[in-house]
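**Q** here's a sequence, model it:
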Amino acid sequence: MKIPWNIIKFAVLIGLIVFLFGFSAQRNKYRNLTKIEIEFVDENSPFITLNSVNKMLIQNADSVTSIGKETLVLNKIEKRLLKHPMIKNADVFVSIDGVLGAKIAQRKPIARITGSPDFYLDDEGKKMPLSKVFSARVPIVTGTSKTDFVELKELILNINEDEIMMKSIVGLHLEPNGDIKLKMRKHDFTVLFGKPIHMKNKFQKFKAFYKKTKEDSLLSRYKLVNLKYDNQVVATKNLSHGE
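**A** Numbering: from 1, shown residues only. Okay, here's the model as predicted:
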């Protein structure tokens, strides 16, 4: 049986396309890289320099253009990046035109813990070293306590979600018994928060007290505001202001 000419032409065309695709893919595989593009996908200022990321991407190569695409193992590069203490996540890829790309998500510090040495607490409740490149503007935590970092993390995250509390609090002090004191941005009094429990309720109590005393211009009279008791705020006056 004679095969129709149009079927022969179609088969030849398909074969040609497959050949050209395979040839192009093979040729592309052995091309060298052309450049590196790094993108920090989080909102934080970089805690790590582009040069440091570059070095982790190409390691011992003199330049990116000396690296063949076929020699790259992207999974290994990503694992190498993730070992850096400032990096939370990394997505590495190579484009068709030979660009080695890396999308970097940095860890997010939410507090600075004083110690020897100081370190950050990140939003997952884990220790994070300070950066030589950029200092994060986060509350300072002093003192020692039995309170673990998970509980402290939850308190700070709740503070950050409340606009008034976030703008008011600049530091936290941990007492040995587990109580937490909050340091105010514009005022001399201290807020005795107690244990990091019933946080929303304590926030509401403090904001009601703050609003009332601010309206009456009484804030400067107090040295301690105690939120530990249920349904009430106990405020201690400065002796210099008398009754």
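
**Q** so who does the spatially most central residue of the chain touch?
**A** Geometric centre of the chain, nearest residue: K108, 1.7 Å, by Cα atoms, centre = their mean. The contact partners of K108, by Cβ atoms under 8 Å, 6 or more residues apart in numbering, come to 42, 44, 88, 122-123. From N, CA and C alone the C-beta is placed, and that goes for glycine too.

**Q** ranges for the strands of the protein?
**A** Per DSSP state E, the chain carries strands over the ranges 35-40, 87-94, 99-106, 109-113, 119-122, 127-128, 140-143, 169-174, 180-184, 190-194, 222-226, 234-237.

**Q** dump the ones you listed into TSV; add distance to N201 as well.
**A** As requested, these are exported to TSV (distance: least, Cβ to Cβ, whole Å):
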stretch	distance to N201
strand 35-40	38
strand 87-94	32
strand 99-106	34
strand 109-113	22
strand 119-122	24
strand 127-128	30
strand 140-143	22
strand 169-174	17
strand 180-184	15
strand 190-194	11
strand 222-226	14
strand 234-237	15
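
**Q** out of these, deepest packed?
**A** Of these, the one with the most neighbours on average (mean count of other Cβ atoms under 10 Å) is strand 109-113, at a mean of 22.

**Q** which elements pack onto that one?
**A** On a contact count with 3 or more Cβ pairs under 8 Å, 6 or more residues apart in numbering; DSSP states H and E, strand 109-113 meets strand 119-122, strand 140-143, helix 149-161.

**Q** same list (the ones you listed) but as TSV, adding mean pLDDT.
**A** Shown next, in TSV, are the helices and strands packed on strand 109-113 (pLDDT from 0 to 100):
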stretch	mean pLDDT
strand 119-122	95
strand 140-143	94
helix 149-161	93
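
**Q** could those go into CSV alongside distance to A102?
**A** Output for the helices and strands packed on strand 109-113, formatted as CSV (distance: least, Cβ to Cβ, whole Å):
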stretch, distance to A102
strand 119-122, 21
strand 140-143, 32
helix 149-161, 28
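
**Q** is E124 in contact with K153, as I believe?
**A** Yes: at 7.3 Å, E124 counts as touching K153 under the criterion of Cβ atoms under 8 Å.

**Q** the more surrounded of those two?
**A** The residue with more neighbours, out of E124 and K153, is K153; 19 against 13, by other Cβ atoms under 10 Å.

**Q** which residues touch that one?
**A** 110, 121, 123-125.

**Q** show me what counts as buried in stretch 185-202.
**A** 187, 189-196, 199, 202 (16 or more other Cβ atoms under 10 Å).

**Q** nearest to H173 among the residues you listed?
**A** T190 (7.9 Å; Cβ to Cβ).

**Q** so what's the residue lying closest to L74 once chain neighbours are set aside bridging to?
**A** Spatial nearest neighbour of L74, excluding adjacent residues (Cβ to Cβ, 6 or more residues apart in numbering): V92 at 4.8 Å. When bridges are called by DSSP bridges, V92 pairs up with A102.

**Q** wait, doesn't V92 sit right on G101?
**A** Yes: look at V92 against G101 with Cβ under 8 Å: they come within range, at 7.0 Å.

**Q** looking at the strands of the chain, spot the one closest to L157.
**A** L157 sits nearest to strand 109-113 of all these, at 6.6 Å, using Cβ to Cβ.

**Q** grab the CA positions of that closest one and hand them over as PDB.
**A** What follows is strand 109-113, C-alpha atoms only, in PDB (Å, rounded to 0.1, in the frame of the first residue of the first chain):
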ATOM      1  CA  PRO A 109      14.700  39.200  63.400                       C
ATOM      2  CA  ILE A 110      12.100  40.400  65.900                       C
ATOM      3  CA  ALA A 111      14.200  41.100  68.900                       C
ATOM      4  CA  ARG A 112      17.800  41.600  70.000                       C
ATOM      5  CA  ILE A 113      18.900  39.600  73.000                       C
END
